[in-house]
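Enquirer: predicted model and sequence below, questions to follow.
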Amino acid sequence: MVARLFIVGVAWLAAVVLFAALLEWSGSPPAYLDARHDGVTGLARSLNGLRPPSAGNRHAWTVTKATSALHSLVVEIEAIDPTQARRIAEHLVAQVHGSYDQVLIYVQPVDAADDAFIHRIEWTPRGGYLASGF
């Protein structure tokens, strides 16, 4: 009888320890980051796939954030040459214009400082392109 109680007690203790370990491991982040877990959304990755082919191994611009809701798209881009914001916007809008009624594109330099000039391009089917900066 005592042996049976001892075995049941050990089994319960093992179950509790296993449950606690599973709870601990379930909340931990992945041990490494790769292209699927780098903080970039799937929408941003798909928009990056629309970039024109690059001459070297570095693209002229990269989508860092993208959000869409209610037929609007907001895209944040880092560019080697941010003065090309209009050209970048035209290329991107040409790829997605059928899906959105408004596209807002913010282009800033790669590794920009907090006070860097940001080019803002807004596109709508009625108004076309409207550029501003801040």
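Expert: Good, I have the coordinates.

Enquirer: for the chain, list the residue farthest from the centre, please.
Expert: Residue farthest from the centre of the chain, counting by Cα atoms, centre = their mean, is residue 1 at 60.5 Å.

Enquirer: pLDDT at it, what is it?
Expert: Residue 1 carries a pLDDT value of 77.

Enquirer: neighbours of residue 105, how many?
Expert: 25 (other Cβ atoms under 10 Å). In short, each C-beta sits where N, CA and C put it, glycine included.

Enquirer: strands of the chain, start to end?
Expert: 61-69, 72-79, 102-109, 119-124, 128-133 (DSSP state E).

Enquirer: pull the distance from the lowest-mean-pLDDT helix or strand in the chain to the chain's centre.
Expert: For the chain, using mean pLDDT, DSSP states H and E, the weakest element among its helices and strands is helix 2-26, scoring a mean of 80. Distance of helix 2-26 from the chain centroid (Cα atoms, centre = their mean, to the nearest Å) equals 41 Å.

Enquirer: for that helix, packing partners?
Expert: Contact here means 3 or more Cβ pairs under 8 Å, 6 or more residues apart in numbering; DSSP states H and E; on that basis helix 2-26 packs against no helix or strand.

Enquirer: same list (the strands of the chain) but as TSV, adding mean pLDDT.
Expert: As requested, those are exported to TSV (pLDDT from 0 to 100):
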stretch	mean pLDDT
strand 61-69	89
strand 72-79	92
strand 102-109	93
strand 119-124	94
strand 128-133	87
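
Enquirer: need those in TSV (columns: distance to residue 21).
Expert: Shown next, in TSV, are these (distance: least, Cβ to Cβ, whole Å):
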stretch	distance to residue 21
strand 61-69	36
strand 72-79	40
strand 102-109	44
strand 119-124	50
strand 128-133	53
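
Enquirer: before we move on, back to that, ok, now which ones touch the residue farthest from the centre of the chain?
Expert: Going by Cβ atoms under 8 Å, 6 or more residues apart in numbering, residue 1 touches no other residue.

Enquirer: residue 68 versus that one, what's the distance?
Expert: 67 Å (Cβ to Cβ, to the nearest Å).
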